[in-house]
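> Below is the sequence, then the predicted model.
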Amino acid sequence: MKVVRLLLLVVLFSALAGVAAKTAGALGFEDEPCPLTDPVNHQLKVCHPDAEVGKPYSLQIKGKGGCTPDFVRYDVVSGTLPPGLSVSAGDALVSGIPTQAGVFTFFLQVSDLRQSWCVDDKQSQWEFQITVDPGMQIVQRQPSLTPGQVGTSYTQQFTATGGNATWSSSGTLPTGLTLNGSTGLLSGTPTATGDFSFKVTASDGSRSDTQSYGMSVVDPLKIAAATAPAAEVQQPFTLTLAATGGKPGYQWSVATDSPLPAGLTLDAAKGTIAGTPTIPGTSVVKLTATDTLGLTSTVDVKIAVAPKVTIVSRPLPSAKVGRVYRARLLAVGGVAPKRWTIVRGSLPRGVRLNAATGALSGKPLRKGTSRVTFQVTDSLSGASKTTFVLRVR
C-alpha cells in the first residue's frame, strides 16, 4: 500500500511539473514601445535616456517567458556595447561609466537554464541601441590639486569638453583664491594654511559636470642657507641640510648634472651628505628638498675638497757653527691652519722650530749631523711625516 501511495505522489508531482512547463510563456524581452522614427533599426524595443561620457549609467533590460526571471542567462552575441559598459549575465543590467561617445548597437540573447519546474530550452535575441552623448565633462579629474604656498601666486586652469561652460564652486576655496565664472581659472595668492575641500561645476544650462577637489595650502618650502665645511681627501666629511615649511617629511636629492664629490653620498631621508672624499676639487652641487605634497625647493652648495696634506721633501741647507741659520719646511694641500711638530730625533742645539710656520732658525752651537722627523697636522687632522737631515759644519 505504501508503495502505491508513493507512486501516486510521483505521478501527481510529474503532472504538476508538466502543467508548469506547459504554461511557461514564450521566451523573449518585455516590450517598451518607442516611436518608430528610425527607418533602418525600426524594431528597437526599449526607450531610455541617452548615456553620457564619464557619467554613471544604468539600464535594466527585462526578459519574459521561459524560465524567467531567475533561471535565464543574458549574453551579448553580436554588435558592440559602449566602451565602459557591461551586461550582467544574471539580470541583464547594463551598467558602468561610458568612456566614448557614439551610437552603439548590439544583440542581446536570453537563454533558458532548464529546471525541474521549467523544461524550456530556448533562446531569443533582440537588438538594442545605446547612444552615448559627449556630454559636458571637466577635463581635470584628479581628486587633489597642486598645493599652494602662503604668499605665493597660484593658478589652476579648469577646462571642459562638450560646450561653452560657465563655472561655479561650492564648499570652501582656499583663502585668497577665487574661481572666474567665465574662464574657469582658479587664481590668487593664498593667505592661510590648511586643507580645503570644494566642488567645481561646469554648465552650459542643459548639461553640467561637477568634480570634487582637495587642496592643501602650506607655508613656503625653504632650504636653510648651507655653507659646506672645508673638506680634504681621506678625511671624514659631514654636512646636514635643513628645510622648513611645506609638509614634512622631506626627501632630498642631487641633480644628475651636478653630482657630489667622489666618496660622498646623500642620505635622502635626513638630508645629510657624508663620506670620505677621494679626489680633490671644487664642486657646486644642486640639492633639492621635496615635501610630502610634492613641493620642491633647491639650493646650490659649494664643496671644496683640498688635496691630502703632504710635506714637500727637499734637502735642508747646511748650517755653520755660530752663524745665523734660517730654513723653512713646506707642506702642500690640507686645510689651514697647520701645525708642525718633531716626532723623532732633535734639532741641533741653538736651532728651534716655529710650530705655526714650519720655520727653522737660530745659531748652531756645535758641529754634527741631526736626523729629525717632522710632522705637519692640518685643521682636519690630516697629517704627513718626513725625515730630514741637518748638517752643522
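It's in.
> Quick check, central residue of the protein?
Centroid-nearest residue in the chain, with Cα atoms, centre = their mean: Gly294, separated by 7.5 Å.
> Pull up the per-residue confidence for that residue.
Note on Gly294: pLDDT of 94.
> now swap in the one 10 residues further on and tell me
At Ala304, the predicted lDDT confidence score is 97.
> so which strand or helix has it?
In the assignment (DSSP states H and E), Ala304 maps to strand 296-306.
> What is the following helix or strand past that strand packed up against?
Downstream of strand 296-306, the first helix or strand assigned by DSSP H and E is strand 310-311. If you count contacts as 3 or more Cβ pairs under 8 Å, 6 or more residues apart in numbering; DSSP states H and E, strand 310-311 packs onto strand 331-332, strand 383-392. Yep, even glycine has a C-beta here, placed from its N, CA and C like the rest.
> go with 6 Å
Packing partners of strand 310-311 (3 or more Cβ pairs under 6 Å, 6 or more residues apart in numbering; DSSP states H and E): strand 383-392.
> Other residues contacting the strand it packs on?
309-311, 313, 316, 318-319, 348, 364, 367-373, 375-377 (Cβ atoms under 6 Å, 6 or more residues apart in numbering).
> residues contacting Ala255?
Lys286 are the contacts of Ala255 under Cβ under 6 Å, 6+ apart.
> quick one on the thing from earlier: nearest spatial neighbour of the residue nearest to the centre of the chain, skipping sequence neighbours?
Pro147 (7.1 Å; Cβ to Cβ, 6 or more residues apart in numbering).
> wait, isn't the one you found in contact with Tyr213?
No. At 11.7 Å, Pro147 does not count as touching Tyr213 under the criterion of Cβ atoms under 6 Å.
> ok so, going back, what's the PyMOL line that selects buried ones from the contacts of strand 383-392?
The buried residues among these can be selected in PyMOL (16 or more other Cβ atoms under 10 Å) with this line:
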select buried, resi 309+310+311+316+319+348+364+370+372+375+376+377
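> Next step: the contacts of strand 383-392 restricted to helices.
Judged by DSSP state H, helices contain none of the contacts of strand 383-392.
> rewinding a little: so what secondary structure elements neighbour the strand holding Ala304?
With contacts defined as 3+ Cβ pairs under 6 Å, 6+ apart, strand 296-306 has these neighbours: strand 222-223, strand 281-290.
> Return the angle between stretch directions for the last one and strand 296-306.
Which is strand 281-290. Angle of strand 281-290 versus strand 296-306, following axes from the mean of the first three to the mean of the last three Cα atoms, to 10 degrees, is 160 degrees.
> From the contact counts, what lies against strand 281-290?
On a contact count with 3+ Cβ pairs under 6 Å, 6+ apart, strand 281-290 meets strand 251-254, strand 296-306.
> And the first one, by the same measure?
Helices and strands touching strand 222-223, as assessed by 3+ Cβ pairs under 6 Å, 6+ apart, comprise strand 296-306.
> which residues touch the strand it packs on?
Strand 296-306 has contacts (Cβ under 6 Å, 6+ apart) with 221-223, 226, 228, 231-232, 261, 277, 280-290, 333-335.
> Just the buried ones from these?
Buried among those by 16+ other Cβ under 10 Å: 221, 223, 226, 228, 231-232, 261, 277, 280, 283, 285, 287-290, 333-335.
> Out of the helices and strands packed on strand 281-290, which gets nearest to Leu113?
With Cβ to Cβ, the closest approach to Leu113 among the helices and strands packed on strand 281-290 belongs to strand 251-254: 57.6 Å.
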